[in-house]
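>>> What follows is a protein structure lacking sequence information:
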């Protein structure tokens, strides 16, 4: 989290509060004071979890 704060001046927990909360609630991630960690199951399906972080106009678009 510190990396993004320093590089982009963005608090990613504030910017992406809803997606991170849903990942934690569903058991795909652990939110800690200084880091966010995906669970093993979360890592195995990371590609399907990423669209939560996309802008609305880019969600549900398939690139093949």
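Perfect, thanks for sending it. Note that the structure is predicted; figures quoted are calculated from it, not measured.
>>> What separation do you get for the residue most central in space within the chain and residue 59?
The residue lying closest to the centre of the chain (Cα atoms, centre = their mean) is residue 20, at 5.2 Å. According to Cβ to Cβ, to the nearest Å, residue 20 and residue 59 sit 16 Å apart. Every residue, glycine included, has its C-beta placed from N, CA and C.
>>> circling back: does anything pack onto the one helix or strand the residue nearest to the centre of the chain maps to? Which helices or strands?
Using DSSP states H and E, residue 20 maps to helix 17-25. Applying 3 or more Cβ pairs under 8 Å, 6 or more residues apart in numbering; DSSP states H and E, one finds that helix 17-25 contacts strand 29-31.
>>> who does the strand it packs on pair up with?
With DSSP bridges as the test, strand 29-31 is paired with strand 36-38 (antiparallel).
>>> So for the helix or strand just after the strand it pairs with, what gets flagged as buried?
Where DSSP H and E defines the elements, the next helix or strand beyond strand 36-38 is helix 40-44. Using 16 or more other Cβ atoms under 10 Å as the test for burial, helix 40-44 gives residue 42.
>>> what's the pLDDT at residue 3?
Per-residue confidence (pLDDT) for residue 3: 91.
>>> hmm, I was thinking of residue 51
According to the model, residue 51 scores 89 on pLDDT.
>>> What count of nearby residues applies to it?
12 (other Cβ atoms under 10 Å).
>>> The chain should start at 840 in everything you say after this.
Sure thing, new numbering starts at 840, so read that last one as residue 890.
>>> and it, what are its phi and psi?
Dihedral pair for residue 890: phi -60, psi -20, per degrees, to the nearest 10.
>>> check contacts around it.
By Cβ atoms under 8 Å, 6 or more residues apart in numbering, the residues touching residue 890 are 897, 898, 899.
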